[in-house]
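[1] just coords:
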């Protein structure tokens with residue numbers, strides 16, 4: 001991976017729009033050509049992130065999702081921003097669509113119509129051996145063609161067989177914990193579970 005110069009990064013920041021940031025700086029930037037720059041700043045195990053940059057892991061996860069038939073961004077290139085601090089980044093083409101979090105906030109009736117399809121998508125991931133720990137409404141996009149895609153999947157794992165019942169329960173528990181942490185108290189959780197179980201039995 002090549003190292004991005006300070007001037008190049010400054011140019012990206014100046015001409016782009018910061019979409020996500022935290023106390024350590026920008027995380028996702030939309031550039032002038034509509035491509036996205038995603039920045040990874042590891043909090044621990046810097047030695048491991050130097051050996052296996054998070055940007056490369058993100059790229060490989062995207063490629064494996066696409067190979068599994070799941071829509072994901074196309075990663076164009078990975079870079080180092082600061083190799084000593086293991087800060088890496090990648091440039092990618094975003095996928096079009098709206099997050100389920102946006103749909104849920106803007107129109108509960110529209111979201112309820114998508115609930116069974118969302119349950120079917122989760123089941124599809126599980127059947128294909130995909131364990132997405134950060135499965136939540138903000139990381140699932142509804143695409144213009146009516147299907148779903150995934151974003152922000154650094155912590156995804158791929159199994160050789162469908163997920164076993166314990167991992168399925170654990171994955172759904174992560175989703176429920178996310179809803180509770182974000183105080184999404186009126187989420188139709190029982191309806192989602194019922195739809196998932198119905199698909200599983202068919």
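    Nice, I can see it. Fair warning: this is a prediction, and the values are worked out from it, not measured in the lab. Numbering: from 1, shown residues only.
[2] I'd say residue 36 and residue 26 touch.
    No - using CB atoms under 8 Å, residue 36 is not in contact with residue 26, being 11.5 Å away. Yep, even glycine has a C-beta here, placed from its N, CA and C like the rest.
[3] domain ranges for the chain?
    Per automatic domain parsing, the domain ranges recorded for the chain read 2-93, 98-201.
[4] buried sites along the helix or strand hosting residue 61?
    Element membership of residue 61, judged by DSSP states H and E, is helix 54-67. By neighbour count with 16 or more other CB atoms under 10 Å, helix 54-67 contains the buried residues 54, 55, 56, 57, 58, 59, 61, 62, 65.
[5] let me see the contact set for the fourth one.
    Read that as residue 57. Neighbour list for residue 57: residue 154 [criterion: CB atoms under 8 Å, 6 or more residues apart in numbering].
[6] please apply the same query to the first one.
    With contact set as CB under 8 Å, 6+ apart, residue 54 has these partners: 40, 42, 86, 88, 154.
[7] any idea how far it lies from residue 16?
    20 Å (CB to CB, to the nearest Å).
[8] ditto for the second one
    Taking CB to CB as the measure, residue 55 falls 17 Å from residue 16.
[9] kindly report the same for the fifth one.
    The spacing between residue 58 and residue 16, counted by CB to CB, is 18 Å.
[10] top helix in the chain by residue count?
    helix 108-127 (DSSP state H).
[11] residue 37 should be in a strand, yeah?
    Yes - judged by DSSP: H, G, I helix; E, B strand; the rest coil, residue 37 forms part of a strand.
[12] who does it form a beta bridge with?
    residue 29, residue 91 (DSSP bridges).
[13] burial check on it, number of neighbours?
    Neighbours of residue 37 under the rule other CB atoms under 10 Å: 23.
[14] pLDDT weak spots in the chain?
    The chain contains no residues with pLDDT under 70.
[15] need the strands for it, in chain order.
    Remark: strands assigned in the chain by DSSP state E are 2-3, 17-22, 25-30, 36-40, 74-82, 87-93, 98-99, 130-132, 140-142, 148-150, 156-158.
[16] which one of the ones you listed lies closest to residue 192?
    Evaluated over the strands of the chain, closeness to residue 192 peaks at strand 140-142, with 12.4 Å, by CB to CB.
[17] list of residues touching that closest one?
    By CB under 8 Å, 6+ apart, strand 140-142 touches 71, 95-100, 103, 114, 118, 121, 148-151.
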